[in-house]
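Student: When you get a sec, could you give me coordinates for this:
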Amino acid sequence: MKQEFSRSDRHWHESIFELLTKMNHEFQEMKTEINNLRSEMHCRFDNVDAKLEGIGLQFELTNDSRINDVGFITQ
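Tutor: As a prediction, the model looks like this:
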C-alpha cells in the first residue's frame, strides 16, 4: 500500500525536519560551549591549586627557618 502525502503534509514534515535539524545543531553548539567552559574552569582551579600550594610551601619554609634560627628543636 503506497502512502501519498498532500502538499500540506509534505510541508509539515519538512518543517518538522528543519526544526529538528536546527535543534540538533544548536544542541551540538551548546555541548561544545559547555566543554570549553569546563576546560576553562579546570584551568582556573588548577591555577588556584598551584597558588595555594605555593602559599603552603612559603609557610613551611618560614616555619623551618624560624625553627632553625631559634634552635627550637636542636637544643
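
Student: Burial check on residue 21, number of neighbours?
Tutor: Here the count is done by other Cβ atoms under 10 Å, and residue 21 has 10 residues near it. All C-beta atoms are positioned from the backbone trio N, CA, C, and that covers glycine.

Student: Kindly report the same for residue 30.
Tutor: Using other Cβ under 10 Å, residue 30 has 10 other residues around it.

Student: do the one 3 residues further on as well
Tutor: Residue 33 has 10 neighbouring residues, counting by other Cβ under 10 Å.

Student: residue contacts, it?
Tutor: Residue 33 makes no contacts at all, as judged by Cβ atoms under 8 Å, 6 or more residues apart in numbering.

Student: can you give me the strands in the chain?
Tutor: For the chain, applying DSSP state E gives no strands.

Student: Extract the residue ranges of it that are flagged as low pLDDT.
Tutor: Low-confidence segments of the chain (pLDDT under 70): 1-5, 61-75.

Student: mind running it again at 80?
Tutor: 1-8, 54-75 (pLDDT under 80).

Student: Tell me the spacing between the residue most central in space within it and residue 32.
Tutor: Residue closest to the average C-alpha location in the chain (Cα atoms, centre = their mean): residue 38, at 0.4 Å. Going from residue 38 to residue 32 by Cβ to Cβ, to the nearest Å gives 11 Å.

Student: and if you look at residue 19?
Tutor: Relative to residue 32, and taking Cβ to Cβ, residue 19 is found at 21 Å.

Student: Please apply the same query to residue 23.
Tutor: The gap separating residue 23 from residue 32 is 15 Å, by Cβ to Cβ.

Student: ditto for residue 57
Tutor: 38 Å.

Student: now residue 43
Tutor: Noted for residue 43: a distance of 17 Å to residue 32, by Cβ to Cβ.
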